[in-house]
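K.L.:
the sequence and its predicted three-dimensional model are supplied below.
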Amino acid sequence: MTLTQQLKPEYWPGWDVALILAADVRGIGEEILRRYEAGGGEAQGLWIIKHDKDILADGSRKDDHVHVVIQQSTGRNVEGKRQCRALDQAFGFGDKSVVKAPPGRGSRIENALSYLIHAKDPSKYQYAPAEVVTVRGVDYVEIEAEHRAAWARRAVMARNTAIPMREWNELGDALVQKVLDGEVDEVDILRDKTLMDIYTRNESKVNLALKNRARREMLVEVEKLRAGIFQKTVVWAMGASDQGKSYLVESVAAELSARLGWPVFRATAKNGPDDYAGEPIFMMNEPSTKVMEWADFLTLLDPRQAGPISARFYNKPDAAPRVILVAVAVDPVEFGFFIPGKRSTNDSLDQLIRRITLLIEAQKDDRGEPRYSIGRIGSVAPYMRTVSVPGERVGERIRLTYGKAETAGGLSRDDALETVLLHVAERSPDAGLVIDATASIAARRDAHLVERGIILGQLVEPPDIEETMPRPIPSPWTAGPAGIQRRDVVDGSAA
């Protein structure tokens, strides 16, 4: 709620005349707060300022007056909030002195707070933030410092006269520098109207800055990858439609973005890497087998190497995304078999499978909740797979030596998310992703219990080794009087 009132006693019936004549801003603010609360209101914040330098259109000075902003209680609950008429009566003003901001942008409290000093109105006198008296809530000087840049951008757009092209060019140069310094990215530009206005008039040079910054960041990541500072984490989530695979990979991307600020690149089903600009998270949701050529696919998924990737318009330089998320209905064997260029090489599909960090299968339980089986890929005993080829009566038999070396089943979305984040943290130790160590150890222990055929005290039916699942390698976990322990840990600290 906002309040504007001239500092004349006749406009303050029932108030201390000396207080109004003295223009005691803090005293007036405290009395407003007292009357507000006496009327049943609950205020989070109250700020007040005296305007004594405002000018009318004819050049004469306005009468001295105060502006007040009242931040009422939060939420939709009406208790603790008062309508304008009730506030007028509580303050003794009669009607229509207290007003509610109009719908839209004007209803935001930041706009009301900015008006206290005319921050967005460059044609009006600019009051100092220190002139605002904070009766309750966050100190106004802190509020102004937090919003200063945004208010300044709005002030540019509030000018009544057209901005000369020279100034647009200067603003464009400033935006280019902020892009190169990493302070602004494409999403920031698209979300902010003022930045969008500047970008529209300086599109070519801002695009060039965005492109060159992406190339620089890609080069830095490539150098880190080749130096062994991190390894790519490749997650392949598979399952029928509406079973939760996309739900999981989107959750992983959202969590990493929230924790680390990593932007996400979402590849198209075909010609996937065309618009890739070095984002740390590379996501392929329901990609076509034509998403890219076989050689490019292997290059992208290689956990320790970076190389150029073909694209329609211009090839991508060496790419090194931190996390690659694939959500598709089929497993990597069936998918990789039909990737363009695969049949013309002598490469085994092992080349694709061994690049995958985690192979995840999604399937909903009887209650309709997604459940996940997560397997860590590693070298296993040789096994055979049959891939059905359209138009051929007999499928093609393929010999493989890579598959699930460890498996954990029946995981919830949160447990599966935690497991993926654990592997990202281990493979990108420089990123600063912190995972609960206790939960991580428990997740690993459970994975090995399932691998040994034990889950919640039940035996797990062994899979069909010939067609579906490779035999797991021996587990490093042992069970004894001291509980579950690793064979290679003497003091039992990892139990």
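P.N.:
Looks like it arrived, so ask away.
K.L.:
tell me which other helices or strands the top helix by length along the chain touches.
P.N.:
In the chain, taking DSSP state H as the definition, the longest helix is helix 203-226. Helices and strands touching helix 203-226, by 3 or more C-beta pairs under 8 Å, 6 or more residues apart in numbering; DSSP states H and E, are helix 165-180, strand 316-319. For glycine as for every other residue, the C-beta is placed from the backbone atoms N, C-alpha and C.
K.L.:
dump the ones you listed into a markdown table; add mean pLDDT as well.
P.N.:
Output for the helices and strands packed on helix 203-226, formatted as a markdown table (pLDDT from 0 to 100):
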| stretch | mean pLDDT |
| --- | --- |
| helix 165-180 | 89 |
| strand 316-319 | 78 |
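K.L.:
what does the following helix or strand past the longest helix of the chain rub up against?
P.N.:
Next along the chain after helix 203-226, taking DSSP states H and E as the criterion, comes strand 233-238. Under the criterion C-beta atoms under 8 Å, 6 or more residues apart in numbering, residues 245-246, 248-249, 252, 301, 303, 322-332, 355-362, 420, 423-424, 427-428 lie in contact with strand 233-238.
K.L.:
if you set the cut-off to 7 Å instead, what comes out?
P.N.:
Strand 233-238 is contacted by residues 245, 248-249, 252, 301, 303, 322-332, 355-362, 420, 423-424, 427 when judged by C-beta atoms under 7 Å, 6 or more residues apart in numbering.
K.L.:
next: stretch 247-266.
P.N.:
Applying C-beta under 7 Å, 6+ apart, the set of residues contacting stretch 247-266 is 235, 237, 276, 279-283, 285, 322-323, 325, 327, 360, 362, 370, 372, 413, 416-417, 420-421, 424, 431, 433.
K.L.:
so which of those residues sit within helices?
P.N.:
413, 416-417, 420-421, 424.
K.L.:
return the distance of the helix or strand harbouring Y36 from the chain's centre.
P.N.:
Assigned by DSSP H and E, Y36 belongs to helix 25-38. With C-alpha atoms, centre = their mean, to the nearest Å as the basis, helix 25-38 stands 42 Å off its chain's centre.
K.L.:
packing partners for it?
P.N.:
The contact analysis (3 or more C-beta pairs under 7 Å, 6 or more residues apart in numbering; DSSP states H and E) places helix 25-38 against strand 43-51, strand 65-72, helix 84-91, strand 133-136.
K.L.:
show me what counts as buried in the longest strand seen in the chain.
P.N.:
Longest strand in the chain, counting residues (DSSP state E): strand 370-387. Within strand 370-387, the residues that count as buried by 16 or more other C-beta atoms under 10 Å are 370-377, 380, 383, 385.
K.L.:
turn these into TSV, columns for pLDDT and distance to L3.
P.N.:
As requested, those are exported to TSV (pLDDT from 0 to 100; distance: C-beta to C-beta, whole Å):
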residue	pLDDT	distance to L3
P370	93	53
R371	94	57
Y372	95	56
S373	93	62
I374	93	59
G375	91	65
R376	90	64
I377	90	66
V380	90	74
Y383	91	77
R385	90	75
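K.L.:
how far does stretch 277-296 sit from the chain's center?
P.N.:
21 Å.
K.L.:
same check, this time on stretch 264-275
P.N.:
That offset, for stretch 264-275, works out to 19 Å (C-alpha atoms, centre = their mean).
K.L.:
now it - C-alpha only, CSV.
P.N.:
Extracted C-alpha coordinates of stretch 264-275, given in CSV (Å, rounded to 0.1, in the frame of the first residue of the first chain):
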residue,chain,number,x,y,z
VAL,A,264,21.5,-26.8,-20.1
PHE,A,265,21.6,-27.5,-23.8
ARG,A,266,18.7,-29.5,-25.2
ALA,A,267,19.6,-31.1,-28.5
THR,A,268,17.0,-31.5,-31.2
ALA,A,269,16.0,-35.1,-32.2
LYS,A,270,17.9,-34.7,-35.5
ASN,A,271,21.1,-32.7,-36.1
GLY,A,272,21.4,-32.4,-32.3
PRO,A,273,24.7,-30.4,-31.8
ASP,A,274,23.9,-27.7,-34.4
ASP,A,275,23.2,-25.0,-31.7
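K.L.:
list the buried residues in that stretch.
P.N.:
Buried, per 16+ other C-beta under 10 Å, within stretch 264-275: 264-265, 267, 271-274.
K.L.:
if we can go back for a sec, tell me which of the buried residues of strand 370-387 is nearest to R226?
P.N.:
I377 (22.3 Å; C-beta to C-beta).
K.L.:
so what secondary structure elements neighbour the strand or helix carrying R154?
P.N.:
Under the criterion of DSSP H and E, R154 resides in helix 140-157. Helices and strands touching helix 140-157, as assessed by 3+ C-beta pairs under 7 Å, 6+ apart, comprise helix 109-115, helix 193-201.
K.L.:
what lies in contact with that helix?
P.N.:
Under C-beta under 7 Å, 6+ apart, the answer for helix 140-157 is 47, 110, 113-114, 119-120, 122, 129-130, 132, 134, 194, 197.
K.L.:
spatially, which two of the residues you listed are the most separated?
P.N.:
T134 and D197 (33.0 Å).
K.L.:
show me the contacts for the closest residue to D52 other than its chain neighbours.
P.N.:
The shortest distance from D52 to any non-neighbouring residue, by C-beta to C-beta, 6 or more residues apart in numbering, is to D64 (4.6 Å). Contact analysis of D64 by C-beta under 7 Å, 6+ apart lists 7, 23, 50, 52.
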